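Asker: only the shape, not the letters, is given here:
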């Protein structure tokens, strides 16, 4: 990245073997993986370091409605583009395509999974069709996110059900790509012969194993409570970013026991000085 806000030195971003084959970015299974596994310094979540965390915390961040406001304009474009991709791929009406898109998203966590599972479509081709628009003019996020995220101690990993190129484009546009040590997108969540996306507990364990992170040192920052519930089941700590545009967000009242901290935006998390509640 260029410009006055570019980092002083380049930082290697690691992705899964699947994404590495497409993008050329080093994978977490490459010899450089030792760098990904380097112990971290302690993290100052509250006024005193958490002494029980010998290796510090590793932050797993969601993307949409967490690091940026996808409900502002992007989701409507994705819905339209995805419906059109289903129409073209299956040669069905717009009404039927829209119904399939919604049904597969609700059942599997991603429309892509239903398209692959029930119609045998190419995952790469479908993702290209369904996200074939310029997302950059539509991105909106909190001011000064780049500086605040850079000051958060500990490793950061992006964990999103969105496609790799979409996620990478948004992170680059926001100027925060260099903040992340690894990027896991929907293409990377294919193992044991099938896609397993959030809220899959098997996928969460797989990602932590591949990145060399203990669940006790991991924090998932998300806007979707179902994903946070799964994270708690595998032993991660959890932060809910409340976003009014997140599906079913308005139906929740109070703070469930599986949520350690609740904030109104990711910037509030980066500025707050309260410790995460321990399970």
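Answerer: Noted; the coordinates are in hand. Computed from a prediction, not measured in an experiment: that's the story for all the values here.
Asker: what's the mean pLDDT across the host helix or strand of residue 104?
Answerer: For residue 104, the element it lies in under DSSP states H and E is helix 94-108. For helix 94-108, mean pLDDT rounds to 96.
Asker: for the helix or strand following it, packing partners?
Answerer: Going down the chain from helix 94-108, the next helix or strand is helix 111-119, by DSSP H and E. Here helix 111-119 touches helix 74-90, helix 94-108, helix 123-130, strand 194-195, going by 3 or more CB pairs under 8 Å, 6 or more residues apart in numbering; DSSP states H and E. Quick note: C-beta positions are derived from backbone N, CA and C, even for glycine.
Asker: count of residues packed around the closest residue to residue 105 other than its chain neighbours?
Answerer: Spatial nearest neighbour of residue 105, excluding adjacent residues (CB to CB, 6 or more residues apart in numbering): residue 111 at 4.9 Å. Using other CB atoms under 10 Å, residue 111 is surrounded by 24 other residues.
Asker: where does the stretch 1-150 of the chain have low pLDDT?
Answerer: 1-55 (pLDDT under 70).
Asker: which parts of the stretch 151-279 of the chain are strands?
Answerer: Counting by DSSP state E, counting those that start in this stretch, the stretch 151-279 of the chain has strands at residues 155-159, 182-184, 190-191, 194-195, 218-222, 237-241, 261-263.
Asker: for these, which one sits closest to residue 121?
Answerer: strand 194-195 (12.2 Å; CB to CB).
Asker: tell me which other helices or strands the closest one touches.
Answerer: helix 111-119.
Asker: at 7 Å instead, please
Answerer: For strand 194-195, there is no helix or strand it packs on, judged by 3 or more CB pairs under 7 Å, 6 or more residues apart in numbering; DSSP states H and E.
Asker: partner strands of it and their direction?
Answerer: strand 190-191 (antiparallel) (DSSP bridges).
Asker: quick one: mean pLDDT for the partner strand?
Answerer: The model assigns strand 190-191 a mean pLDDT of 93.
Asker: please apply the same query to stretch 241-249.
Answerer: pLDDT averaged over stretch 241-249 gives 70.
Asker: now for the helices and strands packed on helix 111-119, which one comes closest to residue 265?
Answerer: Of all those, helix 74-90 sits nearest to residue 265, with 16.6 Å by CB to CB.
Asker: distance from the closest one to the middle of the chain?
Answerer: 21 Å (CA atoms, centre = their mean, to the nearest Å).
Asker: with stretch 73-87 instead?
Answerer: Using CA atoms, centre = their mean, the offset of stretch 73-87 from its chain centre is 19 Å.
Asker: and for stretch 185-201?
Answerer: Mean C-alpha position of stretch 185-201 versus that of the full chain (CA atoms, centre = their mean) differs by 13 Å.
Asker: so which bits of it are buried?
Answerer: Within stretch 185-201, the residues that count as buried by 16 or more other CB atoms under 10 Å are 185-191, 195-200.
Asker: what does stretch 73-90 give?
Answerer: Those would be 74, 75, 78, 79, 82, 83, 84, 85, 86, 87, 89, for stretch 73-90 by 16+ other CB under 10 Å.
Asker: hmm, who's touching that stretch?
Answerer: 94, 97-98, 100-101, 111, 115, 119, 121, 126, 129-133, 135, 138 (CB atoms under 7 Å, 6 or more residues apart in numbering).
Asker: please pick the buried ones from those.
Answerer: Buried among these by 16+ other CB under 10 Å: 97-98, 100-101, 111, 115, 121, 126, 129-131, 135, 138.
Asker: tell me which two in those are the farthest apart.
Answerer: 121 and 138 (25.7 Å).
Asker: quick one on the thing from earlier: got TSV for the buried residues of stretch 73-90, with distance to residue 227 too?
Answerer: Converted to TSV, the buried residues of stretch 73-90 look like this (distance: CB to CB, whole Å):
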residue	distance to residue 227
74	19
75	17
78	18
79	20
82	20
83	24
84	27
85	24
86	24
87	29
89	27
